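# what's the 3D shape of this:
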Amino acid sequence: SVLVTGASTGIGRATALRLDGSGWKVFAGVRREEDAEALRADGSERLTPVTLDVTEAEQVVAVAERISADGNGRLDGLVNNAGVAIPGPLETIPLDDFRRQLEVNLVGYLAVTQALLEQIRRAEGRVVFLSSIGGRVAFPFGGPYHASKFATEAIGDVFRQELRPWGLRVSIVEPGSIDTPIWERGQRKGEEIERRSPRTNALYGGALDKFRKVIEDTAARGIPPERVAKAISHALESPRPRSRYLVGLDAKVQARLKPLIPAPLFDRIVAR
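Residues are numbered from 1 along each chain as shown. Sure thing, here's the model as predicted:
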């Protein structure tokens, strides 16, 4: 059995359907009933959508209780995938938006893991955290998102170390550019923030226009989310899961080159 958070679209949906097809009993966290219906239509009878906003404590507790009742208090896998992208300059990003970024992408991961860890321990199960190459390499106007993913790397490492005495395995998955709706939703959110902040446009308007073009180009060359789902399934099923999975050529290239490039040179490249 496995819980996949953020299973409505993108990586989460692809992962839920892949694991369902491999015979797992999948609890798929969604926020809307129409997404639950779409998963039921494409999955088997084993796939069970559950209403889960990872920032709502009551929903986290309710899902943990539901899984415990269905699985005799055992859960073999947890995929912490739910996420949002909130772009904007750190100088002017509204603090409520910055907090929202961390609540979904970081605090939500911790809350769900805490709620289910006893069930995972009983099953000698595994935990997967969805990070990003953006958890290793940071770029302008992605500060809130990068902060959440750099921190995800940290909690993934610490959980792996702390849970080692029980033989529990923890993996971090770091995709590069993936063809998912998070890009479009992030763009809309960024434009909404800019409309509320004339100072942002005054200071960064021209650079933000270039940033949007970069994001559009990056999204256009994104690889299918099924590639990430394959890495996640390996982390859950392999006798020897990796601690980290880089997914996509761009992620692998950035991860290997960034430590070799002096910071001033890297900043000039980014500015170009």
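# Need the contact partners of the strand or helix carrying Asp217.
Asp217 is part of helix 198-220 when elements are defined by DSSP states H and E. Residues from elsewhere that reach helix 198-220, judged by Cβ atoms under 8 Å, 6 or more residues apart in numbering: 87-89, 91-92, 140-141, 177, 179, 183-184, 186-187, 190, 193-194. In this view, the C-beta of every residue, glycine as well, is placed from N, C-alpha and C.
# Helix, strand, or coil at Gly73?
coil (DSSP: H, G, I helix; E, B strand; the rest coil).
# tell me the contacts of it?
118-119, 122.
# returning to what we had before: scan the contacts of helix 198-220 and report the most crowded one.
Counting neighbours by other Cβ atoms under 10 Å, Gly88 comes out on top of these with 28 neighbours.
# Sticking with the spatially closest residue to that one that is not a sequence neighbour, tell me its helix or strand.
Ranked by Cβ to Cβ, 6 or more residues apart in numbering and with sequence neighbours excluded, the top spatial neighbour of Gly88 is Ile193, at 5.1 Å. Under the criterion of DSSP H and E, Ile193 resides in helix 182-195.
# how far out from the middle of the chain is the lowest-mean-pLDDT helix or strand in the chain?
Counting by mean pLDDT, DSSP states H and E, the weakest-scoring helix or strand in the chain turns out to be helix 182-195, with a mean of 74. Mean C-alpha position of helix 182-195 versus that of the full chain (Cα atoms, centre = their mean, to the nearest Å) differs by 18 Å.
# What helices and strands are in contact with the one helix or strand Val173 maps to?
Element membership for Val173, per DSSP H and E: strand 169-175. Judged by 3 or more Cβ pairs under 8 Å, 6 or more residues apart in numbering; DSSP states H and E, strand 169-175 is in contact with strand 126-130, helix 143-162, helix 225-237, strand 244-247, helix 249-257.
# Just the buried positions in the second one, please.
Residues of helix 143-162 classed as buried by neighbour count (16 or more other Cβ atoms under 10 Å): 143-153, 155-156, 159-160.
# and the strand or helix carrying Leu116, how far from the chain's centre?
Leu116 belongs to helix 108-123 when assigned by DSSP H and E. Mean C-alpha position of helix 108-123 versus that of the full chain (Cα atoms, centre = their mean) differs by 17 Å.
# mind listing what's buried in it?
108-113, 115-117, 119-120, 123.
# and the helix holding Asp217 with helix 182-195, angle?
170 degrees (axes from the mean of the first three to the mean of the last three Cα atoms, to 10 degrees).
# Rounded mean pLDDT for helix 198-220, please.
Across helix 198-220, the average pLDDT comes to 82.
# coming back round to it: outside of the helix holding Leu116, which residues touch it?
By Cβ under 8 Å, 6+ apart, helix 108-123 touches 1, 3, 5, 52, 54-55, 57, 60-61, 63-64, 67-68, 71, 73-78, 80, 82, 125-127, 129, 152, 155, 159, 163, 166, 168.
# at 6 Å what do you get?
In this structure, residues lying in contact with helix 108-123 by Cβ atoms under 6 Å, 6 or more residues apart in numbering are 54-55, 60, 64, 68, 73-76, 78, 80, 82, 166.
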